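S.K.: Here is my input, please return the structure:
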Amino acid sequence: NSRGTASLLKDGISLTDVSASGLFEGHDLLRRGFTSVKNELFPSHPLELTEKNFQLNQDKTNFATLRNIQGIHAPLKLQMEFRAAKQVQRLPFLHSSNMAMDILRGNDECIGFEDILNDPSQSEVMGEPHMMMEHKLGLL
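M.R.: Below is the predicted model:
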């Protein structure tokens, strides 16, 4: 039965999983980082996914409210300003405070968890500048 054989082959290993080195290629730590089972698991609590997307959900709610009050032009203008503020960045190995985004969202006057316990000068992670730039430019 050729139909049964085709379904067996189709359910097997896909061609996208096979790289140039073959099936037994090692994990590249430099490019992909450490593997973790925890990153591959589903959220452990129903609210975890909602908390991860809190800022996105809040922005959508604010845009909908703004559209109902002022019309379509107000959220469109604000989205263009968000996009312009996201494009301005520092080099990848320097920390950015994203002050423009905080001002657009109205978070510049609020003190949150990240303001006190997220000091970049005390960060344990500092990458090598040349390698980080090569990775960002796609040379690595």
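
S.K.: Contacts for the lengthiest helix in the chain, please.
M.R.: Taking DSSP state H as the criterion, the chain has its longest helix at helix 54-70. Outside helix 54-70, the residues within contact range by Cβ atoms under 8 Å, 6 or more residues apart in numbering are Thr50, Ala74, Pro75, Leu78, Gln79, Phe82, Arg105. C-betas here are computed from N, CA, C, even on glycine.

S.K.: same thing but 6 Å
M.R.: By Cβ atoms under 6 Å, 6 or more residues apart in numbering, the residues outside helix 54-70 that reach it are Ala74, Pro75.

S.K.: what's the average pLDDT for that helix?
M.R.: For helix 54-70, mean pLDDT rounds to 93.

S.K.: Which helix or strand lies directly C-terminal to it?
M.R.: Downstream of helix 54-70, the first helix or strand assigned by DSSP states H and E is helix 73-87.

S.K.: Name the residues of that next one that are buried.
M.R.: For helix 73-87, the neighbour count (16 or more other Cβ atoms under 10 Å) marks Pro75, Leu78, Phe82, Ala85 as buried.
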